[in-house]
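Chemist: Starting from these lines, generate the structure:
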Amino acid sequence: MPLKTRIDKLVGGHAAALSERLQTHREQLFPPDAKRVLRKFTSGEVADLLGVKDAYLRKLDLEGKGPSPETRAGGRRYYSPADIQALRELLEKGAKSPGTYLPGRRPGDHLQVITVINFKGGSGKTTTAAHLAQKLALDGYRVLAIDLDPQASLSALHGVQPELDLPDGGTIYDAIRYDDPVPLRRVIQHTYFTNLDLIPGNLDLMEFEHATPMALRERSGSYFFTRIGDVLAEVEADYDVVVIDCPPQLGFLTMSALSAATAILVTVHPQMLDVMSMCQFLLMTSNLLGVVADAGGSMDYDWMRYVVTRYEPGDGPQNQMVSFMRSMFGEHVLNHPVLKSTAISDAGITKQTLYEVEKSQFTRATYERAMESLNAVNGEIEGLVQAAWGRRGA
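Modeler: Residues are numbered from 1 along each chain as shown. Alright, predicted model coming up:
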């Protein structure tokens, strides 16, 4: 009779071995004594980000105005992310319209909290959230990214390996737990992206799912669905936009994130099974949020959009699903989809996004097609943020 295996021991052994291998992989990519930094951007990239001509940046440099770029072979000029922010601040002083180069909040504008959700894994949710947060930061917004998923993929993309880097907590759970919560600022980490801060995730987040039913039975503390919104109020003045990457399930964490949100972004992979799954997700979301609304939770949003992800334009069935969604939901589907791209997936192998990797690592056409797709999607979302503040894009 064969010996039986204790599954807890087997899974635990696999987890320990995998964690060790991942740590080795990380040390090969980013040595322990090396601080992860963002690459420098070419003057052409910076000109596109700022909406000016490359020749104008050269003119500023020759006149000794603003940061001096690094000059490399062939006279190519490169700017750091901090240089880009310094240029924004310089150009804003002479801008004809306020907010041309520093487009963030003004007095009276409310904090934008964008909650990214999907019930089904593999929809590109984390990839979408990461690229959105990073592009908004590059565009001059003060951004806080929150990883609400215990699997912590958003954290990994920003160089955090939870089981090694967060052994004693450090997630938003520390700030929203029912017993002895800490100030939110204590769990916020600065990233190597100028303008982008991160609250990482790990398995501690599951404790909120376990503790909330007990708190509900004991009727202790505030409503569970207000807890994320309440702690965000502590740092509201520090940011323009918050991007929350939710777990792929409709639990208490996701409900609290939806209650804190001013906007919802639903990622959808255009396959029949995924759309059917989304239908069930929307039904459950509607029912549960109705209960939250009846209990006094805020359900007023500036906007809600579906974003088609991992889209292959040459795939006939996918095109049919996209057309079906547009006929059903109209303007609630973003005009631009996120294309499925080897550039995006290959960047993920090194725990990076497309905004971080060097263009030279890919064929030019592949890189530019993926970047154009991401920028179009993020540009649409930025327009919705501006419209919510009563400005351009309205």
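
Chemist: Quickly note the distance from residue 232 to residue 259.
Modeler: Distance, residue 232 to residue 259, by CB to CB, to the nearest Å: 11 Å. Where C-beta positions appear, they are placed from N, C-alpha and C, glycine not excepted.

Chemist: does residue 265 have beta-bridge partners, and which?
Modeler: Per DSSP bridges, the residues bridged to residue 265 are residue 116, residue 305.

Chemist: That one against residue 114, yeah?
Modeler: Yes - with contact defined as CB atoms under 8 Å, residue 265 counts as touching residue 114 (5.8 Å).

Chemist: Spit out the residues that contact those two alike.
Modeler: When contacts are counted by CB atoms under 8 Å, 6 or more residues apart in numbering, the set common to residue 265 and residue 114 consists of 132, 381.

Chemist: So which elements touch the one helix or strand residue 328 maps to?
Modeler: For residue 328, the element it lies in under DSSP states H and E is helix 316-329. For helix 316-329, the packing partners by 3 or more CB pairs under 8 Å, 6 or more residues apart in numbering; DSSP states H and E come out as helix 272-294, strand 303-308.

Chemist: Out of those, indicate the one that is most buried.
Modeler: Counting by mean count of other CB atoms under 10 Å, strand 303-308 has the highest mean neighbour count of the helices and strands packed on helix 316-329, with a mean of 20.

Chemist: gap between it and the chain center?
Modeler: Remark: strand 303-308 is offset 14 Å from the chain centroid, using CA atoms, centre = their mean, to the nearest Å.

Chemist: Need the mean per-residue confidence for that strand.
Modeler: Mean pLDDT, computed over strand 303-308, is 90.

Chemist: where in the stretch 51-200 of the chain is pLDDT low?
Modeler: 120-122 (pLDDT under 70).

Chemist: Could you pull out the strands in it for me?
Modeler: 70-71, 77-79, 112-117, 143-147, 189-190, 196-199 (DSSP state E, counting those that start in this stretch).

Chemist: Just send these back as TSV, with mean neighbour count too.
Modeler: Below are the strands of the stretch 51-200 of the chain laid out as TSV (neighbours: other CB atoms under 10 Å):
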stretch	mean neighbour count
strand 70-71	12
strand 77-79	20
strand 112-117	26
strand 143-147	28
strand 189-190	12
strand 196-199	23
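
Chemist: closest one to residue 312 among the ones you listed?
Modeler: strand 112-117 (21.5 Å; CB to CB).

Chemist: Nearest to residue 58, out of the strands of the stretch 51-200 of the chain?
Modeler: strand 77-79 (7.3 Å).

Chemist: ok, residues contacting the closest one?
Modeler: So strand 77-79 is contacted by 40-43, 46, 57-58, 61, 67, 69-72, 87 (CB under 8 Å, 6+ apart).

Chemist: about what we covered before: buried set for the helix holding residue 328?
Modeler: By 16 or more other CB atoms under 10 Å, the buried positions in helix 316-329 come out as 318, 321-322, 325.

Chemist: Pull up the pairing partners for the helix or strand containing residue 242, direction included.
Modeler: Residue 242 is part of strand 241-245, with elements assigned from DSSP H and E. Sheet pairing for strand 241-245, assigned by DSSP bridges, gives strand 112-117 (parallel), strand 143-147 (parallel).

Chemist: what angle separates the first one from helix 272-294?
Modeler: When axes from the mean of the first three to the mean of the last three CA atoms, to 10 degrees is applied, the directions of strand 112-117 and helix 272-294 differ by 130 degrees.

Chemist: One more: the shortest one?
Modeler: Regarding strand 143-147 and helix 272-294, their directions subtend 110 degrees when assessed with the same axes, to 10 degrees.

Chemist: Pull strand 143-147 out as PDB, backbone CA atoms only.
Modeler: Taking C-alpha atoms only, strand 143-147 is exported to PDB below (Å, rounded to 0.1, in the frame of the first residue of the first chain):
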ATOM      1  CA  VAL A 143       0.000  58.600  -7.000                       C
ATOM      2  CA  LEU A 144      -0.600  56.100  -4.200                       C
ATOM      3  CA  ALA A 145      -0.800  52.500  -5.400                       C
ATOM      4  CA  ILE A 146      -2.400  50.000  -3.000                       C
ATOM      5  CA  ASP A 147      -1.900  46.200  -3.400                       C
END
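
Chemist: now that strand: how far from the chain's centre is it?
Modeler: 6 Å.

Chemist: Name the single longest helix found in the protein.
Modeler: helix 364-388 (DSSP state H).

Chemist: Give me the contacts around it.
Modeler: 103, 110, 112, 114, 128, 131-132, 135-136, 139, 141, 241, 262-263, 265, 302-303, 305, 307, 334-339, 341-344, 354-355, 359, 361, 392-394.

Chemist: Put the buried members of these into a PyMOL selection.
Modeler: Buried residues within the contacts of helix 364-388, by 16+ other CB under 10 Å, are selected in PyMOL with:
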select buried, resi 103+112+114+128+131+132+135+136+139+141+241+262+263+265+302+303+305+307+334+336+337+338+339+341+343+344+354+355
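
Chemist: List the contacts of residue 343.
Modeler: Per CB under 8 Å, 6+ apart, neighbours of residue 343: 354, 357, 362, 366-367, 369-371.
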